[in-house]
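Chemist: Sequence and predicted structure below; questions after.
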Amino acid sequence: MLIRLSIKNIRKSIKDYAIYFFTLVLGVCIFYVFNAIEGQSSMLEVSRTKSDSIDQMVWAISSMSIVVSLILGFLIVYANRFLMKKRNREFGIYLILGMKKGDIAKILFGETLLVGAVSLTAGLLLGIGLSQFMSLLVAHMFEADMGRFVFTVSIPAIGKTILYFVIIYVIVILMDTVLIMKTRLIDLLLSKKKNEKVHLKNPVICCIIFVAACIMLGTAYYNVTAGQLDTEAEVMIQILLGIVGTFLVFWSVSGALFQIMKKCSGIYYKRLNSFAFSEIRSQVNTSVAAGTIICLLLFATICILSSAFALKDYKAKQVKKVAGISVSMEKWTTDGKTVRDVLEKSEFDFSAFQDCHEFYTYETREVTMKDLMGSAGEELLKTQQGFEEFLDSEVELIHESDYNRAAELYGYKKVHLGAAGYAVSATTEFSKKYFNKGLKEKVRLTIQGQVLDAAEEKCQETYLMMSYSDQNMGVVIVPDTISFPKASRHASYLLADYSPKYDTKEFRNYMDSDEFRYQKEFTEDELLSVSTQSEIYDESIGSSGVVIFVAIYLGLVFIISGAALLALKELSDAIDGREKYRILQQLGVSEKELGHTLFLQMAVFFAFPLLLAMIHSIFGIQVCIELLSIYDIKAIIPALLICAAMIVGIYGGYFLLSYRGCKRIIITKRIR
């Protein structure tokens, strides 16, 4: 009998709480799809660098799955609270009819078991189908060979999904059982008349706290964008200010806004606006903590997704700038040998190269980092500790002709120094900042008895060795007329493109491999630093892929969680408030007008957390851009459009579904 009752209860509730079941299925589906990447990626034919990136992505997703399971667990437990609240009177009637609390707990166990089985099955089936498209997306992102691709089902991902969700459902069952055992009969029967307590707040206090919250948020916004945050403690203070400020905004906004709206009598008393604003006030007052959490989830989603897509686009553009030739090699000249000497020792076929350029860089105590920075170096010593050794280190020097030949190969602008000029090349933001100060001061250098003046007022943002990240701390370009002794030689370089005959996948893989870089014939002094175009491209694709997939994973879960919480809260409030709407219709209000009023209050309730999250994001994205070293602000615009499309699609979809559900509960089903 109890099993039949459980099935009957599920059938009865499925329409009112379709969003709850839909969210469960969606959660299972997303969890499986992302955890199945490990099994599917093993079929992809990729380079060593990309394979390492995929391994990192799998590890990151596996780690994030723990966080995701906690978020989904919280969502399911929170949603279950509303389901239980709706059925309190039903449980009270069961007790009056002689049913024991233990039997009610068994009914709930049966319902949870059935719902869990259905949601797991549906979610896994949907996930298995979507995971095949995910395989195509992974292959496209990592530019993999799909020759070995076949339809696959990841057994480990299925097992992991079932394990995590079974744990969540067990927690739900235990909480439901404890709740039933502790609840009194009188509370169950009178629950319909006992809505969540709404404490009317003093409007003056609300306005004061609202202003204080805005000041807290404004302080945090200023400090993270324009201020100097030098310690972790200072960063944590800004985060706490943001969280507390958000909470206080939700706590105070209903009273402050309600007071303002009452002053605008033309709007407040128009149609059913007074009723709608009263309902909004009640809803916000009873969901301060939930609203804060949802707002922060949406804020995190916007920052994570926009920053991830912006980083991908920015790095894709940057990699074209930093990988202009096939290969660059560097070797310190401690043993007097050049890159060519070492390659000849290993019997390397130099016909594999074309447009080959070999040169030396030099070092001398006449030019140090401090010398090049001018007064900025002295300032750095006074204000920062631990820079003494760095500022006393020597700077690499290169002849103008060697630099210009490298510039020609890489495709950047040549320099023209004249008879007694010098220029500086650097790519790191730190070096450029301080070297530019020295160049503007017209710092004069004396090298090998020749006095040189700055020929440029800014650093050349160029490099000698290709690198995925900015690593050129500084190179001084000097005229060819300056002659250096052999003892001043610092490093030997070789830059080249592959000849058409050798520009094949197999040869590129060989040049990227440890087999080429760490040959047994090489001594420790003969080891080469090798940077190839293919490896840089692979590293860019791999790192971007890791960031994108983790961002999408977390972003989807955050959006779904926030939207589902709001939707379930609206459904619960619709059940509690249907009597108010019944009275309005008895007073002659049309169904069309009731629908308009319901839409207005739901739109405001959904929009407010999103609006505040968007305001947070204006400043949060700036911090993310700085942390991720994205110096092209235009790269963020397409990312924001993608992020907006995802939020509008999912968040807006939940809003429309919940509106239809609430409208059916309040108007169609309950008032007719």
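Modeler: Yes, it's here.
Chemist: What are the boundaries of the strands in the protein?
Modeler: 327-332, 353-362, 396-399, 421-425, 445-447, 450-454, 475-478, 489-498, 529-532 (DSSP state E).
Chemist: who does the lengthiest helix in the chain touch, helix- and strand-wise?
Modeler: When the chain is parsed with DSSP state H, its longest helix is helix 533-586. Contacts defined by 3 or more CB pairs under 8 Å, 6 or more residues apart in numbering; DSSP states H and E place helix 533-586 against helix 18-35, helix 48-86, helix 101-141, helix 273-285, helix 288-322, helix 505-512, helix 591-627, helix 636-663. Backbone N, C-alpha and C define where each C-beta goes, glycine included.
Chemist: I'd like to know which of those helices is closest to Ile237.
Modeler: helix 591-627 (14.3 Å; CB to CB).
Chemist: same for the closest one, what does it pack against?
Modeler: Counting by 3+ CB pairs under 8 Å, 6+ apart, helix 591-627 packs on helix 203-225, helix 232-263, helix 273-285, helix 288-322, helix 533-586, helix 636-663.
Chemist: Averaged pLDDT, it. What do you get?
Modeler: For helix 591-627, mean pLDDT rounds to 84.
Chemist: Repeat that for stretch 504-519.
Modeler: 81.
Chemist: Give the buried residues for it.
Modeler: 507-509, 511-512, 516, 519 (16 or more other CB atoms under 10 Å).
Chemist: and it, C-alpha only, in CSV?
Modeler: Output of stretch 504-519 as CSV, limited to C-alpha atoms (Å, rounded to 0.1, in the frame of the first residue of the first chain):
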residue,chain,number,x,y,z
THR,A,504,55.5,17.2,-41.5
LYS,A,505,53.5,16.1,-38.5
GLU,A,506,56.1,13.4,-37.7
PHE,A,507,59.1,15.8,-37.8
ARG,A,508,57.2,18.4,-35.8
ASN,A,509,56.4,15.8,-33.1
TYR,A,510,60.1,14.7,-33.1
MET,A,511,61.3,18.3,-32.6
ASP,A,512,58.8,18.7,-29.7
SER,A,513,59.9,15.4,-28.1
ASP,A,514,62.3,14.7,-25.2
GLU,A,515,64.1,12.4,-27.6
PHE,A,516,65.4,15.4,-29.5
ARG,A,517,66.0,17.7,-26.5
TYR,A,518,67.7,15.2,-24.2
GLN,A,519,69.9,13.1,-26.5
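Chemist: For His490, which non-adjacent residue is closest in space?
Modeler: Of all residues not flanking His490 in the chain, Glu363 sits nearest, at 4.3 Å (CB to CB, 6 or more residues apart in numbering).
Chemist: Low-confidence stretches in the stretch 451-600 of the chain?
Modeler: 520-521 (pLDDT under 70).
Chemist: run the last query once more with 50
Modeler: Across the stretch 451-600 of the chain, nothing is flagged by pLDDT under 50.
Chemist: Check the chain too.
Modeler: 43, 196, 669-672.
Chemist: how near is the residue nearest to Leu272 when sequence neighbours are not counted to Ser254?
Modeler: The shortest distance from Leu272 to any non-neighbouring residue, by CB to CB, 6+ apart, is to Thr597 (4.3 Å). Thr597 is 18 Å from Ser254, where distance means CB to CB, to the nearest Å.
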